[in-house]
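K.L.:
need the 3D shape of this:
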Amino acid sequence: MATYCKSFDDRLSRRIIFITGDTANLETEKFVEGTGNYYMYKPFLLADLNAMVNRVIMENP
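P.N.:
Okay, here's the model as predicted:
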């Protein structure tokens with residue numbers, strides 16, 4: 001989905017926040033970090049998600 005969004009609309013793709021619980025998989029970690037997007041590992045606090053969403057909105061209006 002992220003790859004499709006990037007090919008379709010780069011502005012849209014920058015608004016994606018990846019959320020994963022797959023911290024043991026180096027392939028997943030490498031992919032997520034390679035996108036340049038923000039990401040969060042589960043578990044996380046709702047306040048942290050809210051802050052991340054606000055940051056993405058401010059940086060990508």
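K.L.:
tell me the contacts of residue 44?
P.N.:
residue 19 (CB atoms under 8 Å, 6 or more residues apart in numbering). Using the backbone N, CA and C atoms, a C-beta is placed for each residue, glycine as well.
K.L.:
do that again at 10 Å, thanks
P.N.:
19, 21, 52 (CB atoms under 10 Å, 6 or more residues apart in numbering).
K.L.:
these in helices, which ones?
P.N.:
residue 52 (DSSP state H).
K.L.:
among the contacts of residue 44, name the buried ones.
P.N.:
residue 52 (16 or more other CB atoms under 10 Å).
K.L.:
and which of the contacts of residue 44 is nearest to residue 34?
P.N.:
Residue 34 has its nearest neighbour among these in residue 19, at 16.4 Å by CB to CB.
K.L.:
setting aside sequence neighbours, what's the nearest residue to that closest one?
P.N.:
Among residues not flanking residue 19 along the chain, residue 40 sits closest, at 5.2 Å (CB to CB, 6 or more residues apart in numbering).
K.L.:
quick revisit: could the contacts of residue 44 go into TSV alongside pLDDT and distance to residue 4?
P.N.:
Converted to TSV, the contacts of residue 44 look like this (pLDDT from 0 to 100; distance: CB to CB, whole Å):
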residue	pLDDT	distance to residue 4
19	90	18
21	83	23
52	96	22
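K.L.:
just to revisit the earlier point, okay, and the residue nearest to residue 19 sits in which element?
P.N.:
Residue 40 is part of strand 39-41 when elements are defined by DSSP states H and E.
K.L.:
partner strands of that strand, parallel or antiparallel?
P.N.:
strand 18-20 (parallel) (DSSP bridges).
K.L.:
hey, where'd the helices end up in the chain?
P.N.:
Using DSSP H, helices in the chain cover 2-8, 10-13, 26-35, 46-59.
K.L.:
rank those helices by mean pLDDT and give me the bottom one.
P.N.:
Lowest mean pLDDT of the helices of the chain: helix 2-8, a mean of 72.
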